[in-house]
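*Asks:* sequence first, predicted coordinates after that:
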Amino acid sequence: MFQSQLSTKHLLGIKYINRDDIDLICKTAAEFKEIINRPIKKVPSLRDVTIANVFFENSTRTRISFELAERRLSADVINFTASSSSVSKGETLLDTIHNILAMKVDMVVMRHPAPGAHHFLARHIDANIINAGDGTHEHPTQALLDAFSIQEILGSVEGKKVVIVGDILHSRVALSNIYCLNKMGAEVKVCGPPTLIPRYIESLGAKVEPDIRKALAWCDVANVLRIQLERQDIRYIPSLREYSLYYGINRQMLESLNKEVVIMHPGPINRGVELTSDVADSGQAIILDQVENGVAIRMAILYLLAGRVEGS
Ligand code: CP
């Protein structure tokens, strides 16, 4: 029988949810996507639910997408960014969140640079917690919107071949995608400079293909990541120019294949580094569809977590 509610109170990572949870989120997102394409996009589902968006790291897509999802569901929304808060005066994460919760907040959407920050909060507070990215660890809503986007364009994720290209070592998107795609029955490879591929990656269910041309010839979907210079304490690659020469995807490479590979990117794109503009802006790229689907996926997650009945 189809699962009707999530198995978890929080969305801390894809590692902690199951295939039925993922299917339920995608099915619910498809219903919300239909609703948000109507002239009247708002539904009353989360009226009287208050949600805090707490961002300790920069974000464009995720923060705006969550806020839009919350407002489309008629939730009350408060936004908190660390740079303009009392965190800069030395307040702890737990004190900050307790103060926000004292204002009767029901759900916390948080991005934090420390891997595991959300697990820490989940042990100490009662509200639903949604991970909007924790350092180099997980970015579950991105992986879910990526899976939903693959499902939408290719009919299913099961059996599809997906290569994740780029800075795998520092990428929470890569880790969450590997968990999610494996749970949904896809085959996963990673491709990038050896210094940016963790040695344990095969134990997570992703094979390594060091040659970008072979990776593209193998896959149905290439999910292309940004080199995260801001997280690199040492030099993992000689230069962005050299990275682009060996791993950048351009139109000529795609045209040399006898098939059309779906190109994805979580954003922000470094144009001319991981993708040339003629690839990023082509019909083969579904980058803006991913962004559109992000709102529906986040509506689904908020709706399902808010409606979760303990113990049933
Ligand atoms: N994809 C993503 O997480 O983008 P932002 O950093 O802009 O939220």
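*Replies:* Looks like it arrived, so ask away. Being a predicted model, the structure only gives us computed values, none of them experimental.

*Asks:* residue contacts, the most centrally placed residue in the chain?
*Replies:* Geometric centre of the chain, nearest residue: Gln142, 1.4 Å, by C-alpha atoms, centre = their mean. Contact analysis of Gln142 by C-beta atoms under 8 Å, 6 or more residues apart in numbering lists Thr62, Gly133, Arg172, Val173, Ser176, Asn177, Pro266, Gly294. C-beta here means a position set from N, CA and C on the backbone, and glycine is covered the same way.

*Asks:* A strand includes it, no?
*Replies:* No: counting by DSSP: H, G, I helix; E, B strand; the rest coil, Gln142 falls outside a strand, being helix.

*Asks:* burial count for the residue of the stretch 201-312 of the chain found nearest the ligand?
*Replies:* Minimum separation of the stretch 201-312 of the chain from the ligand (C-beta to the nearest ligand atom) falls at Pro266, amounting to 3.8 Å. By other C-beta atoms under 10 Å, 26 other residues sit near Pro266.

*Asks:* from His118, how far off is it?
*Replies:* According to C-beta to C-beta, to the nearest Å, Pro266 and His118 sit 19 Å apart.

*Asks:* how about Pro39?
*Replies:* 37 Å.

*Asks:* spell out which parts of the stretch 151-300 of the chain neighbour the ligand.
*Replies:* Proximity of the stretch 151-300 of the chain to the ligand, by C-beta under 6 Å from any ligand atom, involves residues Pro266, Gly267, Pro268.

*Asks:* export these to JSON lines and tack on pLDDT and secondary structure?
*Replies:* Formatted as JSON lines, these follow (pLDDT from 0 to 100; DSSP: H, G, I helix; E, B strand; the rest coil):
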{"residue": "Pro266", "pLDDT": "97", "secondary structure": "coil"}
{"residue": "Gly267", "pLDDT": "93", "secondary structure": "coil"}
{"residue": "Pro268", "pLDDT": "93", "secondary structure": "coil"}
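
*Asks:* Asn58: which of those residues is nearest?
*Replies:* Asn58 lies nearest to Pro268 out of those, by C-beta to C-beta, at 9.5 Å.

*Asks:* what ranges does the stretch 151-300 of the chain have for its helices?
*Replies:* 172-183, 212-218, 240-247, 251-255, 277-280, 287-306 (DSSP state H, counting those that start in this stretch).

*Asks:* residue contacts, Lys161?
*Replies:* Ala186, Glu187, Lys189, Trp218, Cys219, Asp220, Val221.

*Asks:* give the bridge partners for it, please.
*Replies:* Beta-bridge partners recorded for Lys161 (DSSP bridges): Glu187.

*Asks:* do the one 4 residues further on as well
*Replies:* Bridge pairing for Val165 (DSSP bridges) gives the partners Cys191, Val224.

*Asks:* what about Tyr303, neighbour count?
*Replies:* For Tyr303, the count of nearby residues is 22 (other C-beta under 10 Å).
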